[in-house]
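Asks: no sequence on this one, just coordinates:
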């Protein structure tokens, strides 16, 4: 069980390792490859908001979510979102708990910040936090971001019950030049509900290529997670790592108004289920593959992106397979105001 959890964590919070829909459709099709610049970058690097025009965005992946970016001497962003089956959300999941989320961002000069809050009535849980970063959001960029969140679990179940707390802290950086990328992060989370702490680190680098019609980027590097039991948890500490992890993504302007894009992720995933005993005896490993495919349509100041949900493709239509399926695709619409 712990090995499965570790493998899941490596895929979820790795540097662009996940094809889960934590961002809108374009970035989902690119498997969250860190070598591409997108208008969703300010969810991780708030200072990147400065490079965005006034814009309205709407996403759908089983539920609607979206918001506004307002222009001026100081750029501002307002987003209201609801977690959906496909998770078609910008990257508020860095600090969110699912359910409903709200975000306010602001950028001026070379820095920016955001504050965010989320409530999940099903868990139930509530989180509040934010992020700060510096660096531009266009061209050759060099960004550094610090973020953190406080999570309160079970705050709506029983007034006489002690609330469980969670703390999430992280630092993320990227350097993108015309032909190279470097993306790294380090994260720490403490969860008293599940009685565990998680340490995460990752470092990837690789080439980038861009001309008028083609954009390509590749990430390659190690990703590491350590799970440490806390409190009354008698479980053994565990370790999970991808060495190496790779993500190859690209998009091609087939017509002036039509873009195709796709990505492939691959890793040699290993887990050690018990660090207190012989690590070799508790080592399990194997390949992990993923990928995504999408298209984009452009018309003057508007853009529409769609990415096919790979889970839907694997399960097949419900009428044929009988398997319940998430939304068949993630859809994103962006209109410059």
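Replies: Ah, there it is. All figures in this text were calculated on a predicted structure; none of them were measured in a lab.
Asks: now residue 239: closest residue in space that isn't a chain neighbour?
Replies: Beyond its immediate neighbours in the sequence, the residue positioned closest to residue 239 (C-beta to C-beta, 6 or more residues apart in numbering) is residue 272, lying 4.2 Å away. For every residue, glycine as well, the C-beta is placed using N, CA and C.
Asks: what's near enough to touch the one you found?
Replies: With contact set as C-beta atoms under 8 Å, 6 or more residues apart in numbering, residue 272 has these partners: 238, 239, 240, 279, 282, 283.
Asks: tell me which element the closest residue to residue 250 other than its chain neighbours falls in.
Replies: Excluding the flanking residues, the one nearest residue 250 by C-beta to C-beta, 6+ apart is residue 216, at 4.1 Å. Residue 216 is part of strand 214-229, with elements assigned from DSSP states H and E.
Asks: give me the buried positions along the helix or strand just after that strand.
Replies: For strand 214-229, the succeeding helix or strand toward the C-terminus, using DSSP H and E, is strand 238-255. Going by neighbour count (16 or more other C-beta atoms under 10 Å), the buried part of strand 238-255 is 238-242, 245-251, 253.
Asks: and if you look at stretch 117-127?
Replies: Going by neighbour count (16+ other C-beta under 10 Å), the buried part of stretch 117-127 is 117, 118, 119, 120, 123, 125, 126, 127.
Asks: is it true that the third one touches residue 128?
Replies: No - Residue 119 is not in contact with residue 128 according to C-beta atoms under 8 Å; the separation is 9.6 Å.
Asks: for the stretch 151-300 of the chain, just list every one of the strands.
Replies: Read by DSSP state E, counting those that start in this stretch, the stretch 151-300 of the chain holds these strands, from start to end of the chain: 164-176, 180-191, 196-210, 214-229, 238-255, 258-272, 283-299.
Asks: about what we covered before: and the least confident of the buried residues of stretch 117-127?
Replies: When those are compared on pLDDT, residue 123 comes out least confident, at 70.
Asks: shouldn't that residue be in contact with residue 153?
Replies: Yes - under the criterion of C-beta under 8 Å, residue 123 makes contact with residue 153 at 6.6 Å.
Asks: the stretch 1-150 of the chain: helices as residue ranges?
Replies: Counting by DSSP state H, counting those that start in this stretch, the stretch 1-150 of the chain forms helices over residues 2-13, 25-29, given from the N-terminal end onward.
Asks: buried set for stretch 195-209?
Replies: Taking 16+ other C-beta under 10 Å as the neighbour-count basis, stretch 195-209 is seen to contain the buried residues 196, 197, 198, 200, 201, 202, 203, 204, 205, 206, 208.
Asks: from residue 231, how far off is the second one?
Replies: Here residue 197 is placed at a distance of 10 Å from residue 231 (C-beta to C-beta, to the nearest Å).
Asks: circling back: with distance to residue 308 and mean pLDDT as added columns, please give the strands of the stretch 151-300 of the chain in TSV.
Replies: Conversion of the strands of the stretch 151-300 of the chain to TSV gives the following (distance: least, C-beta to C-beta, whole Å; pLDDT from 0 to 100):
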stretch	distance to residue 308	mean pLDDT
strand 164-176	27	91
strand 180-191	25	93
strand 196-210	24	93
strand 214-229	20	92
strand 238-255	15	91
strand 258-272	10	91
strand 283-299	5	88
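Asks: and these: which comes nearest residue 58?
Replies: Smallest distance to residue 58 across the strands of the stretch 151-300 of the chain (C-beta to C-beta): 14.5 Å, for strand 283-299.
Asks: neighbours of residue 74, how many?
Replies: When neighbours are counted by other C-beta atoms under 10 Å, residue 74 registers 13.
Asks: ramachandran angles for it?
Replies: phi -120, psi 120 (degrees, to the nearest 10).
Asks: for it, what are its contacts?
Replies: Residues in contact with residue 74 (C-beta under 8 Å, 6+ apart) are 106, 107, 108.
Asks: ranges for the strands of the stretch 1-150 of the chain?
Replies: Taking DSSP E, counting those that start in this stretch to define them, one finds strands in the stretch 1-150 of the chain at 55-60, 64-70, 75-82, 100-108, 111-120, 125-134, 141-153.
Asks: give me the beta-bridge partners of residue 208?
Replies: residue 217 (DSSP bridges).
Asks: quick one, what contacts it?
Replies: With C-beta under 8 Å, 6+ apart as the criterion, the residues that contact residue 208 are 35, 176, 177, 178, 179, 180, 181, 216, 217.
Asks: find the nearest non-adjacent residue to the second one, please.
Replies: The one in question is residue 176. Counting by C-beta to C-beta, 6+ apart, the residue nearest residue 176 is residue 141, at 5.0 Å.
Asks: do you know the pLDDT at that neighbour?
Replies: At residue 141, the predicted lDDT confidence score is 94.
Asks: surely it and residue 134 touch.
Replies: No - assessed by C-beta under 8 Å, residue 141 is found out of contact with residue 134, at 10.7 Å.
Asks: picking that back up, in JSON lines: the buried residues of strand 238-255, plus distance to residue 304.
Replies: JSON lines is the format used below for the buried residues of strand 238-255 (distance: C-beta to C-beta, whole Å):
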{"residue": "238", "distance to residue 304": "43"}
{"residue": "239", "distance to residue 304": "43"}
{"residue": "240", "distance to residue 304": "37"}
{"residue": "241", "distance to residue 304": "38"}
{"residue": "242", "distance to residue 304": "33"}
{"residue": "245", "distance to residue 304": "31"}
{"residue": "246", "distance to residue 304": "30"}
{"residue": "247", "distance to residue 304": "25"}
{"residue": "248", "distance to residue 304": "25"}
{"residue": "249", "distance to residue 304": "20"}
{"residue": "250", "distance to residue 304": "20"}
{"residue": "251", "distance to residue 304": "14"}
{"residue": "253", "distance to residue 304": "15"}
